[in-house]
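K.L.:
model this:
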Amino acid sequence: MEVLKKLISETRKDYKCYDELKRLYSNDENFKKVVDDGVRIGSITGFSEDIWQKINAQNLNTVNNFEDVFVEGNNIGGCVVAARQLSFSFDTYYYLCGGYLPLLKGTKNCANGEHTWLFADNWIYDTTLMLVIKRDYAKIFGYIEENIYDPNCDLIYCAEKEYIRNRNFSVKQRVRKRNY
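P.N.:
Prediction:
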């Protein structure tokens with residue numbers, strides 16, 4: 001369990017977003033070994049404080065902030081939406097990837113192992129497992145990439161990203177202005 005402590009943010013350890021990681025780590029010896037080895041050699045990390053700050057900085061009108069999705073565990077079984085939403089936080093070149101992760105087969109909203117993740121700077125950001133995995137090491141997990149999408153080629157995506165990153169449109173900001 002020492003490895004899980006390295007992967008799970010101390011200030012967010014009670015978030016439900018980590019439930020799938022904890023379940024697999026406790027119940028699947030192969031998964032546990034792959035994670036332990038990956039952490040040991042520096043090929044796996046958890047979401048850094050920098051990523052959490054980026055998540056928190058997003059301007060959303062549907063929930064208080066993107067972090068609430070993780071608090072409630074709505075990232076599990078919602079990989080397409082969560083990976084896409086996380087992508088708005090990145091400045092570097094990135095892709096949304098789709099395919100299969102067989103170890104998720106039969107889990108929430110994942111009957112056949114279909115999965116989506118974010119790929120940036122040679123790392124996979126998996127919003128279901130709450131792990132950041134070096135791309136080469138991800139093959140050991142069994143990621144099967146079937147399609148890759150550059151959302152920056154989509155004008156609607158780019159406009160949405162601009163809006164989400166502009167804190168002047170924040171619900172919290174508008175409420176604060178009204179209260180003064």
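K.L.:
residues of the biggest helix by length in the chain that come out buried?
P.N.:
The helix that spans the most residues within the chain, counting by DSSP state H, is helix 29-41. Buried residues in helix 29-41, counted by 16 or more other CB atoms under 10 Å: 31, 34-35, 38-39. All C-beta spots, glycine's among them, are computed from the backbone N, C-alpha and C.
K.L.:
quick one, helices of the protein?
P.N.:
2-7, 19-27, 29-41, 49-56, 67-71, 79-87, 135-141, 155-165, 171-179.
K.L.:
for N147, find the nearest of the ones you listed.
P.N.:
helix 79-87 (12.0 Å; CB to CB).
K.L.:
give the buried residues for that closest one.
P.N.:
79-80, 82-87.
K.L.:
one more: stretch 138-146?
P.N.:
Buried residues in stretch 138-146, defined by neighbour count with 16+ other CB under 10 Å: 138, 140-141, 143, 145.
K.L.:
what's in contact with it?
P.N.:
Residues from elsewhere that reach stretch 138-146, judged by CB atoms under 8 Å, 6 or more residues apart in numbering: 31, 34, 38, 97-103, 115, 117, 124, 133.
K.L.:
redo those as TSV? Include distance to L4 and pLDDT.
P.N.:
Putting the contacts of stretch 138-146 into TSV (distance: CB to CB, whole Å; pLDDT from 0 to 100) gives the following:
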residue	distance to L4	pLDDT
F31	12	95
V34	14	96
G38	13	97
C97	25	94
G98	27	92
G99	26	94
Y100	25	94
L101	19	94
P102	22	93
L103	17	89
H115	21	93
W117	20	95
I124	19	96
I133	15	97
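K.L.:
now, of the residues you listed, which are buried?
P.N.:
31, 34, 38, 97-98, 100-101, 103, 115, 117, 124, 133.
K.L.:
okay, now T128: neighbour count?
P.N.:
With neighbours defined by other CB atoms under 10 Å, the count for T128 comes to 25.
K.L.:
residues touching it, list them.
P.N.:
T128 is in contact with 20, 75-77, 79, 82, 104, 115, counting by CB under 8 Å, 6+ apart.
K.L.:
any idea how far R40 is from it?
P.N.:
Counting by CB to CB, to the nearest Å, the gap from T128 to R40 is 22 Å.
K.L.:
what do you get for Y125?
P.N.:
20 Å.
K.L.:
picking that back up, dump the contacts of T128 to JSON lines, plus distance to A159.
P.N.:
Output for the contacts of T128, formatted as JSON lines (distance: CB to CB, whole Å):
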{"residue": "E20", "distance to A159": "32"}
{"residue": "N75", "distance to A159": "24"}
{"residue": "I76", "distance to A159": "29"}
{"residue": "G77", "distance to A159": "28"}
{"residue": "C79", "distance to A159": "23"}
{"residue": "A82", "distance to A159": "20"}
{"residue": "L104", "distance to A159": "32"}
{"residue": "H115", "distance to A159": "27"}
